[in-house]
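*Asks:* Sharing a model prediction with you, sequence too.
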Amino acid sequence: MSRLDRITSDPGICHGQPVVRGLRYPVSMLLDLMAAGMSVEEILDDYPDLEGDDLLAALEYGALAASGHTVVPVSAA
């Protein structure tokens, strides 16, 4: 089950970077937090607007991008 519909892009939000659900949480920041060793629970505690599926969507996006796929976020209009 893909969760990529949670990843959006809007030029007015974070300069068009891929973000989660139109919120100002760039996918790259979430991946950095997880790579630094923060647990899902710690991230969700620190960022109460986020949901577990948001972090899974960020991981899915990162995995696809790292494997050379072109990933186009949904436009948040």
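*Replies:* Cool, the structure landed.

*Asks:* list the buried ones in stretch 50-59?
*Replies:* Residues of stretch 50-59 classed as buried: 50, 54, 55, 57, 58 (neighbour count, 16 or more other CB atoms under 10 Å). Placement of C-beta: from N, CA and C, glycine included.

*Asks:* Figure out how far that stretch is from the centre of its chain.
*Replies:* 6 Å (CA atoms, centre = their mean, to the nearest Å).

*Asks:* any idea of the mean pLDDT in it?
*Replies:* Average pLDDT, stretch 50-59: 97.

*Asks:* what does that stretch rub up against?
*Replies:* 3-7, 20-21, 23, 25, 27, 30-31, 34, 40, 43-44 (CB atoms under 8 Å, 6 or more residues apart in numbering).

*Asks:* picking up where we left off before, could you work out the most separated pair of the buried residues of stretch 50-59?
*Replies:* 50 and 57 (10.2 Å; CB to CB).

*Asks:* how many other residues sit next to residue 6?
*Replies:* Using other CB atoms under 10 Å, residue 6 has 23 other residues around it.

*Asks:* where does it land on pLDDT?
*Replies:* For residue 6, pLDDT reads 95.

*Asks:* Name the nearest residue to it, ignoring sequence neighbours.
*Replies:* Nearest residue to residue 6 in three dimensions, chain neighbours excluded: residue 57, at 4.0 Å (CB to CB, 6 or more residues apart in numbering).

*Asks:* So that neighbour: helix, strand or coil?
*Replies:* For residue 57, the assignment made with DSSP: H, G, I helix; E, B strand; the rest coil gives helix.

*Asks:* Helix or strand: which one has residue 8?
*Replies:* Assigned by DSSP states H and E, residue 8 falls within strand 7-9.

*Asks:* can you pull the pLDDT of residue 76?
*Replies:* 52.

*Asks:* What of residue 69?
*Replies:* Taking residue 69 on its own, its pLDDT is 78.

*Asks:* what about the strands in the protein?
*Replies:* Using DSSP state E, the strands of the chain run over residues 7-9, 19-20, 74-75.

*Asks:* related to what we said a few turns ago, in helices only, show me the contacts of stretch 50-59.
*Replies:* 27, 30, 31, 34, 40, 43, 44 (DSSP state H).
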